[in-house]
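Asks: Okay, structure incoming, though there's no sequence with it:
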């Protein structure tokens with residue numbers, strides 16, 4: 001940023017439009033770096049042994065992650081209702097358990113996150129959707145190679161980019 005004279009981009013407020021892009025780029029980057037089979041293999045060969053978990057469970061965990069990923073909208077809805085005052089804390093915990101399939105402890109952690117970071121949660125899912133859509137619409141679209149997608153993702157980190165730039 002300094003080399004380009006973009007000093008205004010050297011400070012990054014947590015609650016800003018750029019957070020949507022940055023969190024989305026991070027989420028999308030994981031998908032690029034670790035397509036499903038590579039991610040499971042990396043978890044089985046590296047992460048599970050480091051965590052002293054049974055590596056034979058990595059594929060099952062990968063499937064669980066894939067299925068529960070579809071429940072991310074439940075967390076967003078829970079946060080919305082809770083932060084709007086339409087649900088009390090205990091109701092939000094019950095909601096997270098029922099619709100997000102969270103344990104009580106996980107649901108309590110989610111509520112603590114909402115209390116501290118408010119609606120920041122949307123940056124992960126909505127941001128990933130925004131970044132994925134932008135990258136797949138640019139250049140050759142969805143037929144792009146992984147290297148081309150990485151280059152587009154790199155561009156999001158190198159040049160100032162806001163959600164409105166994704167159109």
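Replies: Cool, the structure landed. All figures in this text were calculated on a predicted structure; none of them were measured in a lab.
Asks: if I look at the residue nearest the centre of the chain, how far off is residue 30?
Replies: Centrality entry for the chain: nearest residue to the mean C-alpha point is residue 124, 3.2 Å, by C-alpha atoms, centre = their mean. Distance, residue 124 to residue 30, by C-beta to C-beta, to the nearest Å: 11 Å. In this view, the C-beta of every residue, glycine as well, is placed from N, C-alpha and C.
Asks: Now do the helices in this protein.
Replies: Listed in chain order, the helices of the chain (DSSP state H) span 17-33, 36-42, 48-50, 58-69, 72-83, 89-99, 104-117, 122-137, 146-158.
Asks: okay, those in JSON lines with distance to residue 10 next?
Replies: Formatted as JSON lines, the helices of the chain follow (distance: least, C-beta to C-beta, whole Å):
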{"stretch": "helix 17-33", "distance to residue 10": "12"}
{"stretch": "helix 36-42", "distance to residue 10": "33"}
{"stretch": "helix 48-50", "distance to residue 10": "35"}
{"stretch": "helix 58-69", "distance to residue 10": "34"}
{"stretch": "helix 72-83", "distance to residue 10": "30"}
{"stretch": "helix 89-99", "distance to residue 10": "37"}
{"stretch": "helix 104-117", "distance to residue 10": "23"}
{"stretch": "helix 122-137", "distance to residue 10": "20"}
{"stretch": "helix 146-158", "distance to residue 10": "14"}
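Asks: right, so of these, which gets closest to residue 3?
Replies: The minimum distance between residue 3 and the helices of the chain falls on helix 146-158, with 10.9 Å, by C-beta to C-beta.
Asks: which other residues reach the closest one?
Replies: 21, 25, 28-29, 32, 131, 134-135, 138-140, 144, 161 (C-beta atoms under 8 Å, 6 or more residues apart in numbering).
Asks: avg pLDDT for it?
Replies: On average, the pLDDT along helix 146-158 is 83.
Asks: Pull out the buried residues from it.
Replies: Within helix 146-158, the residues that qualify as buried are 149, 152, 153, 156, counting by 16 or more other C-beta atoms under 10 Å.
Asks: Adding distance to residue 89 as columns, could you present the residues you listed in JSON lines?
Replies: What follows is the buried residues of helix 146-158, written out as JSON lines (distance: C-beta to C-beta, whole Å):
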{"residue": "149", "distance to residue 89": "41"}
{"residue": "152", "distance to residue 89": "41"}
{"residue": "153", "distance to residue 89": "38"}
{"residue": "156", "distance to residue 89": "36"}
